[in-house]
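*Asks:* Sequence and predicted model, in that order:
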Amino acid sequence: MIVFYITGTSSGIGKALAKQALQIEDSIVYGFSRSCSIENSRYKHTTIDLSKVDETLNINLENHSDAYKVVLINNAGIIGDVKPIGKQNNESIVKVFNLNTICPAILSNKFIQIYNEENISKIIVNISSGAARHSIESWAPYCASKAAIDMFSQVQQAENDYDSKGLKIFSIAPGIVDTNMQQHVRSTKPQDFPHLEKFIGYKTKGQLTSAESVAAKILEVIDKPERHQNVLLDVRQL
Ligand SMILES: NC(=O)c1ccc[n+]([C@@H]2O[C@H](COP(=O)([O-])OP(=O)(O)OC[C@H]3O[C@@H](n4cnc5c(N)ncnc54)[C@H](OP(=O)(O)O)[C@@H]3O)[C@@H](O)[C@H]2O)c1
């Protein structure tokens, strides 16, 4: 049995990941988001607001010591207000960091606590962003929250290499993907976002990748983690 814990499974990349993971024989998928859009007897949904730290702290990951592989995919993420600092809503800043950084950190901690001693393959994939590695005006909390998860992933992999617990960690930038998040970016005001025309152009010129093709690439990494030495990956280079 292969067990997946995936956050943000109601739409976009997370939904595509969950649906493709369910096509693997003997898989169980635990999904977490505020709404549910997948029906499958091997899919177990938790309705939860992961931007609320108390709710994330209450998550109990089940121990599946009979599994041959356990996988945590920290995918849920938001961009928040697309505005320069000074015009951002403070609540939005808190939510962005809670969902994009604090939640993956807590779930990684819980995952290691449960599975560290189990002699099974363990993989954590954090869905990062090109914005973690290149600054984009009006996305400061988003860029910083994803940069934090890149560094968190690298430290966690270094700890594991030191301790030899058979864990692989990746922080993967998915590219520019045709999801609700891109729709949100395109709906912002030109005076708040200097790159608005460029992002509208990605859609009108058909340059967005599909969530399904991105999910397939990420699942290939999970299937053959030994092929990848770097923690930081980019789907466009896989
Ligand atoms: N699309 C892109 O171009 C792109 C580029 C780089 C990185 N990414 C990253 O890819 C990941 C997936 O995003 P996406 O593009 O697939 O966007 P999406 O379609 O908007 O999906 C976001 C998912 O996160 C969940 N979510 C949002 N807020 C939540 C909350 N408070 N609590 C629990 N779940 C929550 C949503 O479910 P509910 O609304 O039902 O809660 C949804 O399932 C994100 O981490 C994003 O930063 C995307």
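*Replies:* Perfect, I can see it now.
*Asks:* Could you tell me which residues of this structure lie near the ligand?
*Replies:* 8-14, 33-35, 48-51, 75-78, 99, 127, 129, 174, 176-177, 179-182, 211 (CB under 6 Å from any ligand atom). The C-beta positions use only the backbone N, C-alpha and C, and glycine is treated the same way.
*Asks:* Can you go through those residues and name the buried ones?
*Replies:* 8-10, 12-14, 33, 48, 50-51, 75-78, 99, 127, 129, 174, 176-177, 179, 181-182, 211 (16 or more other CB atoms under 10 Å).
*Asks:* Just give me the neighbour total for His134.
*Replies:* Using other CB atoms under 10 Å, the number of residues around His134 comes to 10.
*Asks:* So which of the residues of the chain next to the ligand sit within helices?
*Replies:* In this view, these that belong to helices under DSSP state H are 12-14, 180-182, 211.
*Asks:* Closest to the ligand out of those?
*Replies:* Nearest to the ligand among these is Gly12, at 2.2 Å by CB to the nearest ligand atom.
*Asks:* OK, contacts around the residue nearest to that closest one when sequence neighbours are not counted?
*Replies:* Excluding the flanking residues, the one nearest Gly12 by CB to CB, 6 or more residues apart in numbering is Thr179, at 3.4 Å. By CB atoms under 8 Å, 6 or more residues apart in numbering, the contact set of Thr179 is 11-13, 211.
*Asks:* do Asp234 as well
*Replies:* 130, 172-173, 175.
*Asks:* Quick check: bridge partners of it?
*Replies:* Ala173 (DSSP bridges).
*Asks:* Give me the mean pLDDT for stretch 114-122.
*Replies:* Over the span of stretch 114-122, the pLDDT mean works out to 90.
*Asks:* likewise stretch 62-78?
*Replies:* 95.
*Asks:* Okay, now it: how far is its last residue from its first?
*Replies:* For stretch 62-78, the separation between the terminal residues is 27 Å (CA to CA, to the nearest Å).
*Asks:* What of stretch 230-237?
*Replies:* 12 Å.
*Asks:* Now do the buried residues in that stretch.
*Replies:* 231-235.
*Asks:* can you tell me the helix or strand for Leu61?
*Replies:* Secondary structure assignment for Leu61, by DSSP states H and E: no helix or strand.
*Asks:* Relative to the ligand, how far out is it?
*Replies:* 16 Å (CB to the nearest ligand atom, to the nearest Å).
*Asks:* What about the closest residue to Ala105 other than its chain neighbours, how many residues nearby?
*Replies:* Spatially, and ignoring its direct neighbours in sequence, Ala105 is nearest to Phe152 (5.9 Å; CB to CB, 6+ apart). Residues lying near Phe152 (other CB under 10 Å) number 20.
*Asks:* got the contact list for the closest residue to Asn100 other than its chain neighbours?
*Replies:* Spatial nearest neighbour of Asn100, excluding adjacent residues (CB to CB, 6+ apart): Ser145 at 3.7 Å. Applying CB under 8 Å, 6+ apart to Ser145 gives the contacts 96-97, 100-101.
*Asks:* ok, those vs the ligand, which is closest?
*Replies:* Asn100 (6.4 Å).
*Asks:* The closest one: what's it in contact with?
*Replies:* By CB under 8 Å, 6+ apart, the neighbours of Asn100 are 77-78, 142, 145-146, 148-149.
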